[in-house]
Every structure is written in structure tokens, then in C-alpha cells.
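Visitor: Give me the fold of what follows.
(3 chains)
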Amino acid sequence: MDVPTGFDPTFILALNLAGTFVFGLSGGLAAVRARLDLFGVVVLSGVVALAGGITRDLLIGTPPATFRDWRYLAAAGAAGVVCFFASRLLERVQRGVLLFDALGLGLFCVTGATKALDFEIGPLPAVLLGAITGIGGGMLRDVLLREVPTVLRHELYAIPALLGAAVVVAAQRADSTSPVFPALGAVVCVALRLIGLRYGVSVPTARGRPDDGEEPDG
Amino acid sequence: MDVPTGFDPTFILALNLAGTFVFGLSGGLAAVRARLDLFGVVVLSGVVALAGGITRDLLIGTPPATFRDWRYLAAAGAAGVVCFFASRLLERVQRGVLLFDALGLGLFCVTGATKALDFEIGPLPAVLLGAITGIGGGMLRDVLLREVPTVLRHELYAIPALLGAAVVVAAQRADSTSPVFPALGAVVCVALRLIGLRYGVSVPTARGRPDDGEEPDG
Amino acid sequence: MDVPTGFDPTFILALNLAGTFVFGLSGGLAAVRARLDLFGVVVLSGVVALAGGITRDLLIGTPPATFRDWRYLAAAGAAGVVCFFASRLLERVQRGVLLFDALGLGLFCVTGATKALDFEIGPLPAVLLGAITGIGGGMLRDVLLREVPTVLRHELYAIPALLGAAVVVAAQRADSTSPVFPALGAVVCVALRLIGLRYGVSVPTARGRPDDGEEPDG
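Guide: Alright, predicted model coming up:
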């Protein structure tokens, strides 16, 4: 954070901690559903919550902030404990994992892009780095629970993260330091992701063998 | 290792190499059981043996020691070769993978916490980093062989690693440089893990839907 | 690249970009076969294409070049788009994933070893680092698609990568700066890998329980 983008660092920190917490909820809830034990829930919560930020920092080439700032660990741990003890409550939020995952995606695509800009990474790589930061946590959650990562499957996942990050990068290019733009980027990403989930919007699939009949409908 | 914790660096190096070797055995044995070929065995041995230390160094933010010090590579490679040629002997040690995994967990939780303290990471993050270092190798082994990682399943796995690391951190906080404490930390971790395995101690599981009948017993 | 090995940096860059592109093709084709959508294809292409170089840089302990040089991102993205729109054409190249994977293995084992030497890593670790760089992309592709990584299964995979990297390291030890040796290393690796595939050469498997009859032939 030595060469600031101009966005309020406290605001970006708040987004980062919120992203850590909600990704932690998505990891923890997935763990509860997979019937893991208390520590499995907390561990998966922590891994998913922290993977995005760690990935971002490793890809930028700076020591991960995770173990330098206790607040990230606290946010991740709190998410795990909440999931374990309040899992029934959280389950009432239908498709809780997907909701919290969407929120984490939106928050991390913004903070990932912001931190990349702070380290003087160019605009296009910063957009990609933002998206990757958002995707990292959920991807690791799916790998650990032996599912093909959501981002690789049929739903609209990568585009919202790219657009959210692009809003932040565009604002910085226009020399805006208003916190409106990071917030807008996160909202755009979350909204698109939720709309995609709600209406089942999907991206076209390549048809390598259109007539092989391997997957009959109905 | 520029800012030493006070623990004898040679002793810590010995623990690290021992941890590398036993995690290598756990990876190699798992590979033999999965009927991988010679190089698959050596590769899995190496990946599992080195993943803990690499994870630790990446999370601390220092270049991984693995490729700077040939002894880590030698320990990992030796473990792979031993597994391939002596797999029948090692199999006689009932549940060999679990035993070597427990030993690796104990050794790496201690050395991970020690190295974190060397880099002036705070006590709580150092405990977590120790545990994560211990967990890393086995987690990667399970992912590569397409199993849900042990640490996420029903057995007591995270607590021993956290306690082992905590012993080291507590000793350093008390300004003790005695090698007794790293050794004690490793013993505590290994003993707890083996007791957990022997008596099937497990941590409570969250019951999201206690009456959903999805998993009838018997 | 501050302390050059002596090999022409432009030539090494070209090999690196070619490796990025062909690993991208192998990832993208695997994604098309797994019926992922457009963005899934591009994402898997990018992840596989860039994982080798990122792994190399993280293990060396230098910030990943991926996000500092737009050409890597362009090569990876182009591979994904090509796979999506030309998947039928690429499928005509029988076993396209395996072919592109072999090419990526050959190119990355050479560039990985070269970059390791640039950072003054010793000869044996540089050979291993070259092989690991080559193996990284395909291993991640397999993990994400829930397959046990090729390198761990029955085919000749690790040896070609080790030999290819060894050619480069031997040349540098002999103070040769001729581009013949990196090219030769890549060719040796690719040729051995393809021969192994063509003739089904495999490395011996440890027989833990020779008479358990779990896998009857025929």
C-alpha cells in the first residue's frame, strides 16, 4: 500500500475484511453441508477466506498480508465459528453458499484490482488480477471438496468479476479517488452474478461433437 | 533465519529435514497404494514432502528454502526411493501413511512456527502458520489422489498441530532457547494425533438438518 | 533475467510464450471436452498456461512475470479463444490434449531450468525446477477437472522433463550460450514423451501386494 491508488485505504481494508468474512461463510457452509467436523469447518472457512488475498499477493509478488495483519485471521476464524454454530440459520438463506460466494467475488475483485494498481501493474493485468483474486477462494473450496470449480462450469462467473475489477481500474485511470467506484464495482459484480444465478443465464458451450448423443435431455 | 528465535538452528534444521523425509514417506506410500509407477511415487513423495515448507515460506513471504538447500531435495527424493523399493516393509507398519503423516505434522508444526517467529510474525499468526505448515503436505497429497483432505474430515487433525506450534511460540515468548520445547511441541502433536487415531476421538459435527435422513446408519 | 545464463533472452522468451500458448491449448481442449462454457474454457486455458511459469517464479522466489508482461496473458487468452472456436479442428489432431501437453512440457522444462540458473540456483535443483515448471500446468489442469494428474499415473512423464532440463543445465555448465541447447532440450523432452505415449512405454510399478487380485486383466 506504499503507492496508493488514491482510493481511501481504510475503505479498501473494510472491503477486504468483508470479502474475507463472506468467503469464509461460503467455505464454512460448504463444509457443514459436507458434514465436516468443527475444525474441518473452521479450516475450510479459513482456507477459502484467505486464499483470495494470498493468491493476489503471491501473484503481485509481495509477502501475503494475511499473516502480517491479525484482522484477516480474525475475520476468517469468525466466519468459521459462525458457520458451525449458526448453520441452520444461514441455511435459511436459500443457497447460502452461492450468495456468500457472490458477495466475496464482488468484494475481492475490487480489492484485488486496487492492490494490483497500488503495485503499478498495468490496467489489463490489474483487471485480470482482480478477477483471479475473486475466483481463487471459491475455486479452492471446490477443489478441496472434490467438485469441478464453479468458475469452470456452466454459470456466469468470470464475467461479473472481470467487470467489477474493470470499474475500479477505469476509475483509477480517470484519476478518481471517490469510494463510489470501488463500491460500484463490487455492486456490479454481485448483481450480475446473482442475476445470472436467478435467471440461469449461461455462456455458450463449445460443441465439439454436436451429434454424439452422450447427453440426451429430459 | 536472519533474526533467530533463539532455538538452535541446527536442531531446527534437523527437525525440518526429518519432517521432509517422513512426509515424503507418507506421500510415497500413498502413491504405492494407488499403484503409481516409480516416478509417480517419487514425484508424489517430493510434492508432499516439500509442500509444507514451500507453503510456509510463501506465506511468510520469503523465497522457498527448498531449492536453495540441496538437503531438502535429497530428503524428499530419498523418501520416494525408499517407498518404492521398501513398500512391503513399510506396509507392515500398519497404517503407515497415517503414522508418517502424524510425524510430519508434528515436525512441521514446530519448524513452521519457529520460522514464522524468526520473521517477526506475531504469536497468534505464528501458531496458525505452524499448523498450516504441518497440514500443507498431507492436504496436497489428498487433493492429488482425489480424496477430501484428512484435515477436513472427521478425525482430530488440526488441534494437535495448533497445540504443537503453540508450545514453541509460548517457549519463545518466555525467552527460552532450550531445544526441549521444539521437541516437546512435536511430541505433543504426534502423541495427540496418534491417540486420536487409536481411540477414534473426533470433533463434533454440525448438524445442519438433523432429521433429513440422507445418511441412514447401518 | 538480471544475471543471464548466457542463452539469448529473446529466444528464451519466445520458448516461454510458445509454452504458455500450447499449455493453454491443452487446458482449453480439456475444458471443451469436459463441456465447459466459453469462459470456463478461457479460464482453464489461462490457468493451465500460466501455472507453470507462476510456479517457477514462486519457487525461485521472484515476483511472477505473468502480470508484469502482457504477452503472457495475451498468449494464454489467445489459446483459450482458439480452443473454443476451433475445437473441432484441434480435435482432428488425435489426442490433442496429450500433444499440446507434451509440447508445453518440453518448452517449460527448458525455460524453467534457464530461469533457475539465471537466479544462481545450483545445477541439480535447476534440473528439478525445470521439470516442476513443465509439470505444473498439466497437474493443475488435471486437479481442476478432478483427474489424478498424468505425472502420477502410469506413463513416462517425469523423465522427459528431467532430461530436457538437464540438457540446458549441462550446456550452461559448459559455458555454452548457443541457442541449440535449449532447443535440443525441448526436442529431447517432447520426443521422449511422444515416444512414450506412442509405444506405451511405462515405468515399473511397485507391487505392494502382488497376489491381491484386485485388478484382474482382461
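Visitor: For stretch A:89-96, measure first residue to last.
Guide: From its first residue to its last, stretch A:89-96 covers 10 Å (CA to CA, to the nearest Å).
Visitor: contacting residues for the closest residue to chain C within chain A?
Guide: At 2.2 Å from chain C, A:Gly61 is the closest residue in chain A, using CB to the nearest CB. Where C-beta positions appear, they are placed from N, C-alpha and C, glycine not excepted. Contact analysis of A:Gly61 by CB atoms under 8 Å, 6 or more residues apart in numbering or on different chains lists A:Phe119, C:Asp57, C:Thr62, C:Pro63, C:Pro64.
Visitor: helices or strands next to the longest helix seen in chain A in the packing?
Guide: In chain A, taking DSSP state H as the definition, the longest helix is helix A:9-33. Packing partners of helix A:9-33 (3 or more CB pairs under 8 Å, 6 or more residues apart in numbering or on different chains; DSSP states H and E): helix A:38-60, helix A:70-85, helix A:87-92, helix A:96-118, helix A:123-144, helix A:180-199.
Visitor: one step back: highest neighbour count among the contacts of A:Gly61?
Guide: Neighbour counts for the contacts of A:Gly61 peak at C:Asp57, which has 22 neighbours (criterion: other CB atoms under 10 Å in any protein chain shown).
Visitor: ok, that residue - contacts?
Guide: So C:Asp57 contacts A:Gly61, C:Pro63, C:Pro64, C:Ala65, C:Thr66, C:Lys115 (CB under 8 Å, 6+ apart).
Visitor: Output stretch A:194-203 as PDB, nothing but the C-alphas.
Guide: Written as PDB, here are the backbone C-alpha positions of stretch A:194-203 (Å, rounded to 0.1, in the frame of the first residue of the first chain):
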ATOM      1  CA  LEU A 194     -26.900 -13.000  -8.700                       C
ATOM      2  CA  ILE A 195     -28.900 -12.200 -11.800                       C
ATOM      3  CA  GLY A 196     -27.000 -14.900 -13.600                       C
ATOM      4  CA  LEU A 197     -27.900 -17.400 -10.900                       C
ATOM      5  CA  ARG A 198     -31.500 -16.300 -10.700                       C
ATOM      6  CA  TYR A 199     -32.300 -16.500 -14.400                       C
ATOM      7  CA  GLY A 200     -29.900 -19.300 -15.200                       C
ATOM      8  CA  VAL A 201     -28.000 -17.100 -17.700                       C
ATOM      9  CA  SER A 202     -25.200 -19.100 -19.100                       C
ATOM     10  CA  VAL A 203     -22.400 -18.600 -21.600                       C
END
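Visitor: Return the distance of it from the chain's centre.
Guide: 17 Å (CA atoms, centre = their mean, to the nearest Å).
Visitor: go on, stretch A:61-79?
Guide: Mean-position distance between stretch A:61-79 and its chain equals 15 Å (CA atoms, centre = their mean).
Visitor: Please apply the same query to stretch A:110-124.
Guide: 16 Å.
Visitor: re earlier: return the set of buried residues in the longest helix of chain A.
Guide: Neighbour counts over helix A:9-33 (16 or more other CB atoms under 10 Å in any protein chain shown) mark A:12-13, A:15-33 as buried.
Visitor: relative orientation of it and helix A:70-85 in degrees?
Guide: Counting by axes from the mean of the first three to the mean of the last three CA atoms, to 10 degrees, helix A:9-33 points 30 degrees away from the direction of helix A:70-85.
Visitor: Averaged pLDDT, helix A:9-33. What do you get?
Guide: Mean pLDDT, helix A:9-33: 89.
Visitor: That helix: how far from the chain's middle?
Guide: Distance, centroid of helix A:9-33 to centroid of chain: 8 Å (CA atoms, centre = their mean).
Visitor: Then stretch A:177-186?
Guide: 17 Å.
Visitor: Can you tell me what sits against it?
Guide: A:5-8, A:11-12, A:15, A:106-107, A:109-111, A:113-114, A:163-168, A:170-171.
Visitor: just the buried members of the residues you listed?
Guide: A:5, A:7, A:12, A:15, A:106-107, A:109-111, A:113-114, A:163-168, A:171.
Visitor: What residues does the nearest residue to A:Arg95 once chain neighbours are set aside make contact with?
Guide: Ranked by CB to CB, 6 or more residues apart in numbering or on different chains and with sequence neighbours excluded, the top spatial neighbour of A:Arg95 is A:Leu197, at 7.5 Å. By CB under 8 Å, 6+ apart, A:Leu197 lies in contact with A:Arg95, A:Leu98, A:Ala102, A:Glu155, A:Leu156.
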